Each structure stands twice: as structure tokens, then as C-alpha cells.
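Asker: Quick one, fold the following:
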Amino acid sequence: MKKHMKTSRWMTGLIAAGCVTGMGAASRAAAEVSQADFDSLKNLVLKLSDQVQSLRQTNQLEQQLHEQDVQQIQQLQTKLAETSRTATDAQQKAVAASQTTPLPRVPIDEATVNHNFQILGDAEVQYAKTSGQNGSFVMADFAPIFLYRGGDNVLFESGFDFILQNNPQNNGTPGATTTVNLSFAQLDYVMNDYLTLCAGNLLLPLGTYSERSAGWLNKFPDSPLARDFVPGNGVGAELRGALPLGDNGSLLNYAVYGVNGPGSSDNTGQAGSLDLGGNVGLRSDNVIANLHGNPSGGGRVAVFMPFKPHYDLELGLSAQSGEWDNAGQHLWTAGVADATLHLGPNLEAKGEYIMSQFGSDDLGNVSQQGWWAQVGYKLAGLNLELPGINNLELVGRYDSVRDGMGTSTQRYSVGGVYYISNALLFEGAYEFLHSTDPTQADQIILQLSYGF
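Answerer: Numbers count the residues shown, from 1 in each chain. Got it, this is the predicted structure:
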């Protein structure tokens, strides 16, 4: 700004000197300069004077604005310093307060902060035609599964079966019977990545059928015969999880549990009184008490080995043992060996070997054994461009059982699954039976099932 002021003074002096010199020259050479030239020069000088005056005013205005800017900057710096001191004081006070007074703990309801609720399940309708009898629609089933997630570690799941079924012809009751069963209901707490605590009405890991193949997941309309030798569920608690074996995806699956176990259906230790349906604390004589003093214990260990995508093998061993009669004098023990093999996305084979043994008052030790194996192949693996062929899976199964009380049965089943959609399935099977029980006969079963 000082440079502008010096420049304006210099220019003013120069113009004044020029004017004096011009006027002197004009007086000496008045005869040589015309009046018009003089007036023109005078006008030029006046214009230059006006410009100088305007420049001086502009410089003064800029000086004033500069001074205002400097004042505003000083004010902002002062306010910033005050704000910084206030923040520092507040931070020091907060640190001091946190060191002297602990923060109150506020309970967090994870169920309201982070939760998720879903309804899944399946539904089936079944038609059966037994050799020597009239065919009919024998069963309609609705099996919803309720899943609830309360936070990162708490899960709840339960499943029901609503079944409408024709009464057996020999019970003397006409019409149909509707039953409602609680298949399972358990609370799961994820303790860490490798261990989960489960409690409630559990699906028991005796083999893999109850957890992975029952209902809509089964590729046959009915269950393997040998599954009647072991319970599918039990009331109690369980610890389960898996550990990685190396870096190739192999896993060691494990489970250990304690449940009430089987009981007596009529308060006796007779062999025919064994009830695998479970004991929930109400004796058969309607006394609220446990059927026996000691619960059953069991577990499963298995190795899962993937070879490449869609190629894997799982081998497992499981067992359960405990008292079953009201007097606590007889044990019930069962063991299951299971295997599942996938060779590509289209070929699956699996099976179980099941054996059980229990003591009784009338027949002594009763030993039961059976096994089943089944295979399924999806015709999409043939790469045939034929209508509907890619929606069809051919299945076959073999059953063999000995109940330890004089009855043995062998069953050959062949059938198929037509995938109307990924969730809507039409299943059919023809079963050839060879049994020492004269009431058993060949039959055909058709079923329409839907998973949701």
C-alpha cells in the first residue's frame, strides 16, 4: 500500500512539472502554439489529474479494507484460542471424572437391539397303495420350523408336525386322526467359533438322518426301517461344534449330550414297553417324577473330508446309553455308524448301520440291528437335451432289520424325484418287502412335498 502512495506522489509531481514546463514553453513560444493545441493539452492534463485523484481514492479504500481484514483475523485468532482452552479444560475434567467416578452399567437387551425371525418348514400330502388293499390318500402333514436370532450368540429353533392321517383299519375307529407333535425346540448359545451349547428338546445326533434327511429333505416318502431302533429327539442339554483339520476344508465334527432318554410306556420293564419317544418327567402312572434316576448320555464324532467342489466324504460314529425302566434296573444302549459320499453335483450315496440292546423283565437282553443304504443320481449329469430329463433324479434304497423279538424284514425300494421347482417335489417309490411279519406287503407310495 505504501508503494502505491509513493507512486501517486511521483506521478503528481511529474504532471505538475510538466504543466509548469509546458506553460513556460508556451509563454516563450506563444507565437508558435495555437489556441486549439493549448486547449487540447489543458484537457489532457485535467483528465490525468482526475485519474490520479481516482487512484488515490482507490488506494485509500483498499487500505481501509486491509485494516478491516487484519482486525477480523485478530478477532478469529482470539476466539480460536478461547475455544481451544475451553475444549482442553473440558477434556481434563472428563478424564478426571472418569478416573474418580465409574460409569454406570446399562443393561442391553440384545433381543431388541439385534434380532431376526423366520418361518421355514415343509408340507406333504401322501398317497399309498398296499398290495391286497385299496389305495387312498393316507396322510397330510404341515411341519413349520420357527427360527429366532436374539443377538450374535443366542439362537432359538423349534419345529412342529401337524399330521392328518387315516386311522389303521384294525383299531375300530372310523375316520381320520389329527396329531400335533413338537419335533424339537432348543435354545442355542454360541460360546465361541468351535463350541455351541444347546438345551431343550434336541434333535439327537445318533447318525445324521434326524438332523439332515427327515421330512422334505428325504428323497423317499418314508423313513428307513432301522430308524425305529433309535430315538430322533430327547430332552436335555448338548455341547457341539467343529474343528478345522488342516487348510483343505476338512473338519472334525463332535457332539456330547445328556438327555432323559427312553422310558417305559406302561410302568413295567417288559420288552414291549420300551418307549423311545422320551421321558420328560411324568411317569406312566401319572406321578410327576423322573422315570429313572439317571439320564442317558451320548455323543457323536465325525470327519468331513472335501476333495474338490461337490466331492466330499463324511464318516461318523455315535452312541447313547442309559436306564429306561421305572425301577432303573435295565439299560438301553445304541450305536450308529454313518457315511455320506458326494461325487459331483449329481451323485449322492449315504447310509447307516444301527444296533441297539436293552434289558427286560420278560425277554432278558434284546439285541436289535439294521442298516440301510441309498443312492441318488440326477439325470442332469447326462447332459441330454430332452424335455423334463434334467428335473428328474433316480433313487434306490435297501433296508434290512432284525428286531430281536422274532421279526426280520428286508426291503428294496426304487423310485424317483421330479423337481417341479427347487422347492416343489413329486416323489414316488415302489417297495418290495420280504418279512417274517405276515402283515407286511409290497406297496407304492406317492408324495407331493413343498419346502419353504
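Asker: And the helices in the stretch 51-200 of the chain, which stretches?
Answerer: In the stretch 51-200 of the chain, the segments counted as helices under DSSP state H, counting those that start in this stretch are 110-113.
Asker: so where's it shaky on pLDDT?
Answerer: 51-66, 68-70, 76-77, 79-80, 82-115, 167-174 (pLDDT under 70).
Asker: Excluding chain neighbours, what is closest to the one residue sitting closest to the centre of the chain?
Answerer: Centroid-nearest residue in the chain: R149, 8.9 Å away (criterion: C-alpha atoms, centre = their mean). Distance criterion C-beta to C-beta, 6 or more residues apart in numbering; nearest residue to R149, sequence neighbours excluded, is N116 at 4.2 Å. Where you see a C-beta, it was placed from the backbone N, CA and C, and this is true even at glycine.
Asker: what sits against the one you found?
Answerer: 147-149 (C-beta atoms under 8 Å, 6 or more residues apart in numbering).
Asker: Narrow those residues to those in strands?
Answerer: 147-149 (DSSP state E).
Asker: mind checking which helix or strand V301 is in?
Answerer: Counting by DSSP states H and E, the element that carries V301 is strand 296-308.
Asker: Now do the buried residues in that strand.
Answerer: Across strand 296-308, burial judged by 16 or more other C-beta atoms under 10 Å covers 296, 298-300, 302, 304.
Asker: Over to stretch 229-249?
Answerer: In stretch 229-249, counting by 16+ other C-beta under 10 Å, buried: 229-238, 240-242.
Asker: What distance do you get for G272 to S360?
Answerer: Separation of G272 from S360 (C-beta to C-beta, to the nearest Å): 8 Å.
Asker: more neighbours, these two?
Answerer: Using other C-beta atoms under 10 Å as the criterion, G272 and S360 rank with S360 on top: 22 against 12.
Asker: Doesn't the more buried one lie inside a helix?
Answerer: No - counting by DSSP: H, G, I helix; E, B strand; the rest coil, S360 falls outside a helix, being coil.
Asker: so it touches V366, yeah?
Answerer: Yes - in this structure, S360 is within contact of V366 by C-beta atoms under 8 Å, at 5.9 Å.
Asker: okay, and the common contacts of the two?
Answerer: Contacts common to S360 and V366, judged by C-beta under 8 Å, 6+ apart, are A271.
Asker: Which of the three states applies to L48?
Answerer: L48 is classified as helix under three-state DSSP.
Asker: Model confidence for it, exactly?
Answerer: pLDDT for L48: 71.
Asker: any idea how far it lies from M305?
Answerer: The value you get for L48 to M305, if C-beta to C-beta is used, is 102 Å.
Asker: Direction included, what does the helix or strand that the strand holding V301 is followed by pair up with?
Answerer: Per DSSP H and E, the first helix or strand lying C-terminal to strand 296-308 is strand 311-323. Its sheet considered, strand 311-323 pairs with strand 296-308 (antiparallel), strand 331-343 (antiparallel) by DSSP bridges.
Asker: Strands of the stretch 351-452 of the chain, residue ranges please.
Answerer: 366-378, 392-402, 408-419, 424-435, 443-451 (DSSP state E, counting those that start in this stretch).
Asker: could these be laid out in a markdown table, adding mean neighbour count and mean pLDDT?
Answerer: Output for the strands of the stretch 351-452 of the chain, formatted as a markdown table (neighbours: other C-beta atoms under 10 Å; pLDDT from 0 to 100):
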| stretch | mean neighbour count | mean pLDDT |
| --- | --- | --- |
| strand 366-378 | 19 | 97 |
| strand 392-402 | 19 | 97 |
| strand 408-419 | 17 | 97 |
| strand 424-435 | 17 | 96 |
| strand 443-451 | 19 | 95 |
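Asker: of all those, which lies closest to L203?
Answerer: strand 443-451 (17.1 Å; C-beta to C-beta).
Asker: What strands flank the closest one, and is each parallel or antiparallel?
Answerer: strand 115-130 (antiparallel), strand 424-435 (antiparallel).
Asker: Now the longest one - C-alpha only, CSV.
Answerer: So the one you mean is strand 115-130. Extracted C-alpha coordinates of strand 115-130, given in CSV (Å, rounded to 0.1, in the frame of the first residue of the first chain):
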residue,chain,number,x,y,z
HIS,A,115,-32.9,-59.9,16.2
ASN,A,116,-34.2,-61.9,13.3
PHE,A,117,-37.3,-64.1,13.0
GLN,A,118,-38.0,-66.6,10.2
ILE,A,119,-40.5,-69.4,9.5
LEU,A,120,-39.3,-72.3,7.4
GLY,A,121,-40.5,-75.9,7.1
ASP,A,122,-42.3,-78.2,4.7
ALA,A,123,-45.7,-79.7,3.8
GLU,A,124,-46.6,-83.1,2.3
VAL,A,125,-49.6,-85.0,1.1
GLN,A,126,-49.2,-88.7,0.5
TYR,A,127,-51.0,-91.5,-1.4
ALA,A,128,-50.3,-95.1,-0.8
LYS,A,129,-51.4,-98.4,-2.3
THR,A,130,-50.6,-101.6,-0.4
